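Asks: after the sequence you'll find the predicted model.
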Amino acid sequence: MAETFMVKEKLIIKAHAQQVWKALTNPGQVKRYMFGYEVESEWKVGSPILWILKRDGKTYTRKGKVLLAEQNKFLKFTDFNPDVDSEKDESNHAIITYELFENEGSTTLQITDDCAGNEKKYEETKRFWNTVLPKLKEMLET
């Protein structure tokens, strides 16, 4: 059996779940904390997701598909990089889950990212979330 590499992060944000959800799904807000990537999706089960970054005259795109969604509470989707990974090989598709738990004006955001792969991807994914999550928290709390 192949080893599973999974990143799990939890963050408490002084904001309502609705505000956190918007920050996770709104193109303009995502761009502010996710390295300039904008996101496009209807956020409904089966909908495609595109993350688009335009930098130095080039366009970089990541793709995914919404697997489960309950607004302000739960979002599960696939993610892969077509520049590196084969779309046809589902073992290249990471599965990312956002869970939001609101309590007295704060929201706990729990993220699970299965990294789709190996130890190298696990380390890259862990660094990614450890960079992105503090930016998300700062954006929502200031």
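Replies: Noted; the coordinates are in hand.
Asks: tell me which element residue 110 falls in.
Replies: Here residue 110, judged by DSSP states H and E, is contained in strand 106-113.
Asks: residue 15 now?
Replies: Residue-wise, residue 15 maps onto no helix or strand under DSSP H and E.
Asks: who does the strand holding residue 110 pair up with?
Replies: Strand 106-113 has the following sheet partners, assigned by DSSP bridges: strand 7-13 (antiparallel), strand 94-103 (antiparallel).
Asks: of the ones you listed, which is nearest residue 19?
Replies: Smallest distance to residue 19 across those (C-beta to C-beta): 8.2 Å, for strand 7-13. C-beta coordinates here come from the backbone N, C-alpha and C atoms, glycine included.
Asks: need the residues that contact the closest one.
Replies: Here strand 7-13 makes contact (C-beta atoms under 8 Å, 6 or more residues apart in numbering) with 20, 106-113, 115, 122, 125-126, 129-130, 133, 136-137, 140-141.
Asks: find the nearest non-adjacent residue to the most centrally placed residue in the chain, please.
Replies: Closest residue to the average C-alpha location of the chain: residue 96 at 6.3 Å, with C-alpha atoms, centre = their mean. Leaving aside its sequence neighbours, residue 96 sits nearest to residue 113 (C-beta to C-beta, 6 or more residues apart in numbering; 4.8 Å).
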